[in-house]
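**Student:** Prediction below, plus the sequence it came from.
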Amino acid sequence: MAELRLDGHKLQYHPDRVADFLAGRPVWPINAEISPTSSCNHRCRFCNFNCLGHAARSLPAGKMPALMDELKRAEVKAVVFAGAGEPSLHPDTFPALRRARELGLDAALSTNGAPLGDRQLREMAELLTWSRFSINGGSPKAYAASQGADPADFARVLANLERLAAHKARSGSALTIGTQCVLISENMATVAELARRVKAAGADYFSVKHFYPHADNPYQPDPAGLAPGFLSELERRAGELSDTGFQWIVRGEEKLERVRPYRECLGLPFFVYLREDGGLYTCFSHQDDPQTAIGNLLELDFATLWQSAGKEAAIRRLNRHYDKNRCQANCRHHQINLWLDELRRPPPHVNFI
């Protein structure tokens, strides 16, 4: 398979939106993330949403499928179902995925994989551009300790991964099946075994990433757990296990860097996040601040909110109130910000290419 780009950005492949941004014209988002529900069947120790309590909030019936039409009219190109809880627990998630596919939107699903039934797995192979299973341990014990789950879910998730791969093969689907593990002291000894297991189950890739601290997340991993040389050893083993059909990706420590050369978050207009209470945001990390909300999609349609004074006020709040050097490490806007900041401040002699 082609090499995946999990870090960095892909904004350069959308020159029309970049041109709008540089010219000061209105920019419509390219990518939308939707949190169908805050309910979750697991309690991952490191989850940044633990501070919000996982209250049983869900988007109302019928909202998500109808929203696909609103996003299509706004020229959004891709939707990801993820968020604060387990998206497959919402009964409208798969109807919304079907509607997205009918409209020609790229669609993706991030899941812990445990609640999925065979019909859902079959539809994932038919409807999705990519799926990603969050599996945070390579044994039932490590998995349960890291993911706050029944140890029996470990085998259940691996079996679902294998069934999804089988549906993909039978249907000739182009689905990319991803798996991800957040590296913490509770699971680090089992990561190599997990990589072997997900490859055997049929995953296309396995990503290992660091825990990224957040100001509102009380969890702090034991820094002594990641001994010097541990990541380099993982990278060596990743090279041995990877082949033309499987990539093991170890995301480096440089992603923990929090010093930013820019003062404004320039990437905000290109991304939108819909919370399970209907709140609409351009920043994922500061959603606990009500002044960063654009408005509520249960009250107004998407196009109206995106063109409202509320969006401008939310962006001003994010850019004037928050020190970018204190934002979360590996913020999803960071690489976009670096690129756009350079475009806005070109060096001399740019025509001598």
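**Tutor:** That came in fine, so what should we check first? Numbering: from 1, shown residues only.
**Student:** what about the top strand by length along the chain, distance to the chain center?
**Tutor:** Secondary structure of the chain per DSSP state E: the longest strand is strand 176-183. Distance, stretch centre to chain centre, for strand 176-183: 11 Å (C-alpha atoms, centre = their mean, to the nearest Å).
**Student:** Stretch 253-271 now?
**Tutor:** On C-alpha atoms, centre = their mean, the centre of stretch 253-271 falls 16 Å from the chain's centre.
**Student:** swap in stretch 346-353?
**Tutor:** The answer for stretch 346-353 is 35 Å, by C-alpha atoms, centre = their mean.
**Student:** Rounded mean pLDDT for that stretch, please.
**Tutor:** Stretch 346-353 shows an average pLDDT of 93 in the prediction.
**Student:** Same question for stretch 277-297.
**Tutor:** So the average pLDDT for stretch 277-297 ends up being 94.
**Student:** Buried residues of it, list them for me.
**Tutor:** For stretch 277-297, burial by neighbour count (16 or more other C-beta atoms under 10 Å) applies to 277-287, 292-295, 297. C-beta here means a position set from N, CA and C on the backbone, and glycine is covered the same way.
**Student:** How about stretch 12-28?
**Tutor:** 14, 17, 18, 21, 27, 28.
**Student:** What is the most widely separated pair among the residues you listed?
**Tutor:** By the measure C-beta to C-beta, 18 and 28 form the most distant pair in these, at 12.4 Å.
**Student:** Skip the chain neighbours and tell me the closest residue to residue 22.
**Tutor:** Leaving aside its sequence neighbours, residue 22 sits nearest to residue 343 (C-beta to C-beta, 6 or more residues apart in numbering; 6.5 Å).
**Student:** Tell me, how many residues neighbour the one you found?
**Tutor:** As a burial measure, residue 343 scores 14 neighbours (other C-beta atoms under 10 Å).
**Student:** From the buried residues of stretch 277-297, pick the one nearest residue 65.
**Tutor:** The nearest one, if we look at the buried residues of stretch 277-297 relative to residue 65 and count by C-beta to C-beta, is residue 297, at 13.3 Å.
**Student:** Could you report the distance from the closest residue to that closest one other than its chain neighbours to residue 230?
**Tutor:** Distance criterion C-beta to C-beta, 6+ apart; nearest residue to residue 297, sequence neighbours excluded, is residue 278 at 4.8 Å. Noted for residue 278: a distance of 43 Å to residue 230, by C-beta to C-beta, to the nearest Å.
**Student:** now swap in residue 327 and tell me
**Tutor:** To residue 230, residue 327 is 27 Å away according to C-beta to C-beta.
**Student:** Tell me the first helix or strand C-terminal of the host helix or strand of residue 194.
**Tutor:** Assigned by DSSP states H and E, residue 194 belongs to helix 191-201. For helix 191-201, the following helix or strand on the C-terminal side (DSSP H and E) is strand 205-210.
**Student:** helix or strand right after that next one?
**Tutor:** helix 230-241.
**Student:** what's the angle from the longest helix seen in the chain to strand 176-183?
**Tutor:** Scanning the chain for the longest helix, with DSSP state H as the assignment, gives helix 152-171. Interaxial angle, helix 152-171 versus strand 176-183 (axes from the mean of the first three to the mean of the last three C-alpha atoms, to 10 degrees): 160 degrees.
**Student:** Quick one: mean pLDDT for helix 152-171?
**Tutor:** The average pLDDT within helix 152-171 is 98.
**Student:** can you pull the buried residues of it?
**Tutor:** For helix 152-171, burial by neighbour count (16+ other C-beta under 10 Å) applies to 153, 154, 157, 158, 160, 161, 162, 163, 164, 165, 167, 168.
**Student:** Reformat those residues into JSON lines and put distance to residue 333 next to each item.
**Tutor:** Output for the buried residues of helix 152-171, formatted as JSON lines (distance: C-beta to C-beta, whole Å):
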{"residue": "153", "distance to residue 333": "33"}
{"residue": "154", "distance to residue 333": "34"}
{"residue": "157", "distance to residue 333": "30"}
{"residue": "158", "distance to residue 333": "34"}
{"residue": "160", "distance to residue 333": "32"}
{"residue": "161", "distance to residue 333": "30"}
{"residue": "162", "distance to residue 333": "35"}
{"residue": "163", "distance to residue 333": "35"}
{"residue": "164", "distance to residue 333": "30"}
{"residue": "165", "distance to residue 333": "33"}
{"residue": "167", "distance to residue 333": "34"}
{"residue": "168", "distance to residue 333": "32"}
